[in-house]
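S.K.: predicted model and sequence follow; I will ask about them next.
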Amino acid sequence: MKLRTDLEPARVREGELLWTPDPRQVPNTRVADYMRWLESERGLAFDDYAALHRWSVSDLDAFWRSIFDWFDVRSSTPVGAVLGRREMPGAQWFPGVRLNYAQHVLRNEQAGKDALLYLDETHPLAGFSWDALGAQVRTLATRLRAMGVAPGDRVVAYLPNVPETVVAMLATTAVGAIWSSVSPDFGASGTLDRIAQLQPKVMFCVDGYRYGGKVFDRRNELQAIVAGLAELECLVVLPRLGAALPVFGGAGLDVRTWDEMLVGEPVPAAGFRFEQVSFDHPLWILFSSGTTGLPKAIVHGHGGILLEMLKLVALHMDLRAGERMFFFSTTGWMMWNFLASSMLCGVVPVLYDGHPAHPDVDVLWRMAQDSGASYFGASPAYVDLLSKAGIVPGERYDLSRLRAIMPAGSPVSPAHTAWFYRNVKADLWVCSGSGGTDVCTGFVGGVPTQPVYAGEIQAPHLGVSAQAWNDAGERVVDEVGELVITQPMPSMPVKFWNDPDGSRYRESYFGVFRGVWRQGDFFRMNARGGCFVLGRSDATLNRHGVRIGTAEVYRALATLHEIDDALIVNLDLPDGQFFMPLFVKLRAGAALDEALVERIGECLRRACTPRHVPDKIYRVDAIPATLTGKKMEVPVRRILLGVPAERAANRSAMADPGALDWFERYAATQTDYARPD
């Protein structure tokens, strides 16, 4: 395997050219196929990607109708207008169209072919055929219908990244019910904060899971979760540990095993009916941060996700049917939904359930070799782990079929980009990207016909009018601003659950710039269209791509008698690093000793997840808050990143102006983290 031994990642500078696509291969890319089709079928010719992108955001109707037609999206009703209403929020896409997301996945069914591959810490790579997937989806969907699950009902999951989770999601959406999943590393409190909002009728779950060589029994958590779901009618258990199940309370609760749901003759394709639903009918609900209150329950529609995922997988990831794709994810992150959705294009996703460095630090590269992966997703934190361990995957494994790497989950530094060329493969398309749970897709990312520059995201995605705006609402180039989207996208949320007047939705995305989506990320775009997403601009905590609401942390800490008040922030540091400190004000007589530090960590692990545990805990005399009592998380974070306090906060609007003094002194003298230059 040829490597770029001339590259020293630590010395690579932002904007340095690292890779140029082979001119002989550019015509074979899927985006080139699409451009040729536009010219022959629509009479539209574009000189380059930049021109194509300008058209895609200036003529939304023509662009999205072309995506609908090029991918042969099937509607059971005639297709009329593309946009009924185009204002944000409230854009109405493809009014009158009726279709089904799961039907478009299963139309790729091929006898004898793998639908997906999977492995975990104790079992080697194995295939899960289209024959098995299709039969199980139809059988399970038929059982759900027989149990009374109807369009609009909620079906939730407490499952790991295994084939059964994909089957359950497709069966749920096939009958028009609404899917939502939480990873089983969430505690009972964090799980109920999410799924209890939905009042689910059916829940799929595991009795436990393995991670990092350890067994995690979740039966006690399950009892607490089920007790908090008053409307739950059926619990379907997938045994992973083989332990005896507890007795679940609740009159009339139907408890079944996974195998019991699939017993009997498989339902053939010819005898199954996919529920035809409106374009904006709820498909699934993802949960974003709970910065103020419960985590936001973000509702996505069948049609919007279908179009966005087809576009993303084919045109921006350049993947074709039969190719293998991997991205490390849990079922509580939008990347799992994206991974499963690659099957819309006939791509074969590789599912991994376990620790990314167990039993060996390079286990995922062995998986890439054995699966013949063409596309590999990795986080900057994973790169750091490999770098510190001295792992050079290109020397250890046959990665001849690997064409592309997508580093995502946090800002990607020039050193991270260069590491892949020096240690994995010299001829590699390293296409970093950024998007959000809010739209379940990317805003900016890879373009297979464009060069790769160190630390730079190649371009905005087609159909995404991404810009950087300053505080005055003016577009800026080569300056850091707010990431905004000035035109509607099909996968923008249909709504938030339990937000009947839409006020929380509007406040979340349209409360700063009227009629323009504000994502909450710092963003810069250079003159050639290269993009840089530079971390959160609000109080949300971003840990390795998983957004955590501060309210979740505060709710958990409120159970500890010693803590009177608290404030938590997350700092985006150079080279994709993080530092998440927790500041606590203690009750009289309490001490921040080793025992309390351990109790805080255990409390957050149990109620939330291990990602919620801070890197360090500090005792302070006062928590900065406004006159109305709102914690000043954003000003504190800015101060810790080096912004002078007089610029970071308005002390006249504070309940206790002196509460910032400790943070100002700490920022000036700390040695716990390295601030950006």
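M.R.: Received it, and whenever you're ready, just let me know what you need.

S.K.: contacts, neighbours, all on C-alpha from now
M.R.: OK.

S.K.: phi, psi for A224 please.
M.R.: Phi and psi for A224, reported as degrees, to the nearest 10, are phi -70, psi -40.

S.K.: which strands and helices sit next to the helix or strand harbouring R504?
M.R.: Using DSSP states H and E, R504 maps to helix 503-510. Counting contacts by 3 or more Cα pairs under 8 Å, 6 or more residues apart in numbering; DSSP states H and E, helix 503-510 packs against strand 495-496, strand 517-525.

S.K.: where does the prediction get shaky in the stretch 451-600 of the chain?
M.R.: 544-547, 575 (pLDDT under 70).

S.K.: what are the ranges of the helices in it?
M.R.: In the stretch 451-600 of the chain, the helices defined using DSSP state H, counting those that start in this stretch lie at 503-510, 550-557, 594-607.

S.K.: what residues are up against R514?
M.R.: With contacts defined as Cα atoms under 8 Å, 6 or more residues apart in numbering, R514 is in contact with no residue.

S.K.: related to what we said a few turns ago, format the helices and strands packed on helix 503-510 as CSV; extra columns: distance to Y666 and mean neighbour count.
M.R.: What follows is these, written out as CSV (distance: least, Cα to Cα, whole Å; neighbours: other Cα atoms under 10 Å):
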stretch, distance to Y666, mean neighbour count
strand 495-496, 39, 22
strand 517-525, 24, 22
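
S.K.: I'd like those strands as CSV, with distance to Y375 appended.
M.R.: Formatted as CSV, the helices and strands packed on helix 503-510 follow (distance: least, Cα to Cα, whole Å):
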stretch, distance to Y375
strand 495-496, 32
strand 517-525, 26
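
S.K.: and of the ones you listed, who's closest to L596?
M.R.: strand 517-525 (33.7 Å; Cα to Cα).

S.K.: name the residues that touch the closest one?
M.R.: 88, 467-468, 477-486, 509-510, 512, 531-538.

S.K.: would you list the buried entries among these?
M.R.: Neighbour counting by 16 or more other Cα atoms under 10 Å classes 88, 467-468, 477-478, 480-486, 509-510, 531-537 among the contacts of strand 517-525 as buried.

S.K.: for the strand or helix carrying A415, what is the distance to the chain centroid?
M.R.: Secondary structure assignment for A415, by DSSP H and E: helix 414-423. Taking Cα atoms, centre = their mean, to the nearest Å, one finds the center of helix 414-423 at 23 Å from the center of the full chain.

S.K.: what's it packed up against?
M.R.: Using 3+ Cα pairs under 8 Å, 6+ apart, helix 414-423 sits against helix 380-389, helix 393-396.

S.K.: which is the next helix or strand following it?
M.R.: According to DSSP H and E, the helix or strand after helix 414-423 is strand 429-430.

S.K.: which strands or helices does that next one pack on?
M.R.: Counting by 3+ Cα pairs under 8 Å, 6+ apart, strand 429-430 packs on strand 404-407.

S.K.: pLDDT-wise, which helix or strand of the chain ranks last?
M.R.: Scoring the helices and strands of the chain by mean pLDDT, DSSP states H and E places strand 546-548 at the bottom, with a mean of 69.
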